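Visitor: Structure for this input, please:
(one chain, ligands or ions: 1)
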Amino acid sequence: MIVRTPPMGWNTWNTFGEDINEALIIETCDAMVEKGLRDAGYEYVVIDDCWSLKERDAEGRLQADPEKFPHGIKYLADYIHSKGMKLGMYSCCGPLTCAGYPGSLDHEFIDAKFFADNGVDYLKYDWCYHPTNLAGSTLYNRMKMALNATGRDIVFSVCNWGEENLLDWIRSVGGDLYRSTGDINDSFRSIREIFDSQVDNFALSGPNCFNDMDMLVCGMNNKGNVSAGGCTFEEYKTHFCLWCMAQSPLMIGCDVRNVDDDILALLKNRELIAINQDPECRPVIPAPMHNHPCFAKHLTNNEYAFSLTNYDDEESEIFMILADIGLPLTGEWGFKLRDCITGEEFEKVFTDRVGATVKAHSTRVFRGTLVRLR
Ligand code: GLA
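Guide: Numbers count the residues shown, from 1 in each chain. This next block holds a predicted model:
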C-alpha cells in the first residue's frame, strides 16, 4: 500500500458523533458525488466510533449494530465502491473504543479480517484504554501486521494524539497518517493551537506517513458533536489553507448534505487542493512575521506557494521577507504570483517581500514561479 499524497474524504465524528446510520452514509456519499467533492479528490467515507454492537458474536467477531446498519457493512462498502469512492472504518487499540464499544486489543487479527471481508479500505485506529504494559509502537505494529495479513490494501490511520514520542516510531510501524494532537473542536482557538503545535514537526510528514492535524471543522457553524462556538468564514478559510499548505489529510467534518455554497467552494478550491496534493510533498519553510504564520513551499515543476495568515483581530498588512527564505535581494530575481482564492494574477514581480492585506483571522495563498528580471 503506497499512500503518495494526503488522504482526502469525510468522517462522521465531528458532526454526528454516535448518531450515525446507513441512510446518513448513503446520503452523504450521494451528496459528495452530486456536489463535486468526489471529483475534487475526496475519496474516503469514514465511519468513526459507535458503529458496532457492544458485544462480539459467538466467534469473537465485531458486529455492526443492526438498528443503525440494517444491511451490514459490506452492503455500504459495495454502495460506496459503486460510486467510485472508498470506505473507512474505526477501531481502537484498547479493549474499548473511546465511546465504550469493543476495541481490538487481543482481537487484532480477527478484526482486521472483519474489515477486509467487509470491503473496508481505510482503518482509523484510536488510543483510548490502551494497555499500559505495552508500548504504542507495539500495539500499532501489531494491527499493521494484522492488516497486512488480510492481503487487502487498507490505509492505516493511526490516532494516538501524538503521544509516546510518536514521531520516533510512526514511520517504522507502518502508519500511513498519524494524528499528532488531541481532538479538534469548532473554534478558531482550537485550529490555531493545533496548527501552532505542529509547525516544528512538519519535516517528517510525507508520503506514506502524513501528519494528520485532525478532521476539518469548516462549515460546521457551531452545529454538531464538536461544536465550541463556531468560526467565521475567514477563520474556516485559514483552517483549510493551513491544512493544505502543511499537507495534512483533508477529512471533511461538516454535514455535506447541507453545506453552505461558500464553504463548498472553499473545500473544492482546485489551487489549494493542488498544493495539498503536490506530488513532491515538500514540507513548508516557515518565515513568520512576528506571531503571524507565513510559509513558502516548493512545488513540482519548480513552482512555489506562499501563505500569509493574519492572527490579529483586525485587518493587517502581512508579509514575509524573501531574504528569510534565501532569495538574494539584488532585484535580479522575483516571484510572479497569482492569488489561489480570487484567481487574480499580479502584474508586479515580488522581489523583496511577499505581502498583502489580510482580513482578521484570514489567510491568503499565492502560487507562481521564480522569474529573472535582468
Ligand atoms: C477520539 C478520537 C476522535 C474520535 C473519537 C471517537 O477522541 O481522537 O477523533 O475518533 O475518539 O470516540
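
Visitor: The ligand contacts on this structure?
Guide: For the chain, the contact set with the ligand under Cβ under 6 Å from any ligand atom comprises 13, 48, 49, 97, 98, 99, 126, 159, 183. All C-beta atoms are positioned from the backbone trio N, CA, C, and that covers glycine.

Visitor: Could you find the closest non-adjacent residue to residue 229?
Guide: Spatial nearest neighbour of residue 229, chain neighbours left out: residue 187 (4.9 Å); criterion: Cβ to Cβ, 6 or more residues apart in numbering.

Visitor: How about the contacts made by the one you found?
Guide: Contact analysis of residue 187 by Cβ atoms under 8 Å, 6 or more residues apart in numbering lists 228, 229, 230, 231.

Visitor: cool, residue 61 as well?
Guide: Counting by Cβ under 8 Å, 6+ apart, residue 61 makes contact with 110, 111, 114.

Visitor: Recalculate using a threshold of 6 Å.
Guide: Applying Cβ atoms under 6 Å, 6 or more residues apart in numbering, we find residue 61 in contact with residue 114.

Visitor: Distance-wise, check the residue nearest to residue 285 when sequence neighbours are not counted relative to residue 271.
Guide: Spatially, and ignoring its direct neighbours in sequence, residue 285 is nearest to residue 296 (4.6 Å; Cβ to Cβ, 6+ apart). With distances taken as Cβ to Cβ, to the nearest Å, residue 296 is found 16 Å from residue 271.

Visitor: okay, residue 180: pLDDT?
Guide: pLDDT, residue 180: 98.

Visitor: what do you get for residue 69?
Guide: pLDDT, residue 69: 98.

Visitor: what do you get for residue 101?
Guide: On the pLDDT scale, residue 101 is placed at 98.

Visitor: what bridges to the nearest residue to it once chain neighbours are set aside?
Guide: The shortest distance from residue 101 to any non-neighbouring residue, by Cβ to Cβ, 6+ apart, is to residue 52 (5.1 Å). On the basis of DSSP bridges, residue 52 is bridged to residue 64.

Visitor: how many neighbours does residue 52 have?
Guide: The local packing of residue 52 (other Cβ atoms under 10 Å) involves 23 other residues.

Visitor: From what I see, it and residue 66 are in contact.
Guide: No - contact criterion Cβ atoms under 6 Å: residue 52 and residue 66 do not qualify, at 10.5 Å.

Visitor: Against the ligand, how distant is the nearest residue to residue 221 once chain neighbours are set aside?
Guide: Ranked by Cβ to Cβ, 6+ apart and with sequence neighbours excluded, the top spatial neighbour of residue 221 is residue 230, at 5.2 Å. Per Cβ to the nearest ligand atom, to the nearest Å, residue 230 is found 19 Å from the ligand.

Visitor: try residue 148
Guide: 23 Å.

Visitor: Compute the number of surrounding residues for the closest residue to residue 126 other than its chain neighbours.
Guide: Spatially, and ignoring its direct neighbours in sequence, residue 126 is nearest to residue 92 (4.0 Å; Cβ to Cβ, 6+ apart). Around residue 92 there are 25 other residues, counting by other Cβ under 10 Å.

Visitor: which SS state does residue 211 fall under?
Guide: Using DSSP: H, G, I helix; E, B strand; the rest coil, the structure places residue 211 in strand.

Visitor: you'd agree it is up against residue 205?
Guide: Yes - applying Cβ under 6 Å, one finds residue 211 in contact with residue 205, separated by 3.7 Å.

Visitor: What's opposite residue 251 in the beta bridge?
Guide: According to DSSP bridges, the residues that bridge with residue 251 are residue 9.

Visitor: give me every residue that touches it.
Guide: By Cβ under 6 Å, 6+ apart, the contact set of residue 251 is 9, 11, 215.

Visitor: what residues are up against the second one?
Guide: I take that to be residue 11. For residue 11, the contacting residues are 46, 48, 215, 251, by Cβ under 6 Å, 6+ apart.

Visitor: How about it, nearest residue that isn't a chain neighbour?
Guide: Nearest non-adjacent residue to residue 11, counting by Cβ to Cβ, 6+ apart: residue 46, 4.2 Å away.

Visitor: List the contacts of the top strand by length along the chain.
Guide: Criterion DSSP state E: the longest strand present in the chain is strand 363-372. Strand 363-372 is contacted from outside by 237-238, 241, 303, 305-309, 333, 335-337, 339-340, 356, 358, using Cβ under 6 Å, 6+ apart.
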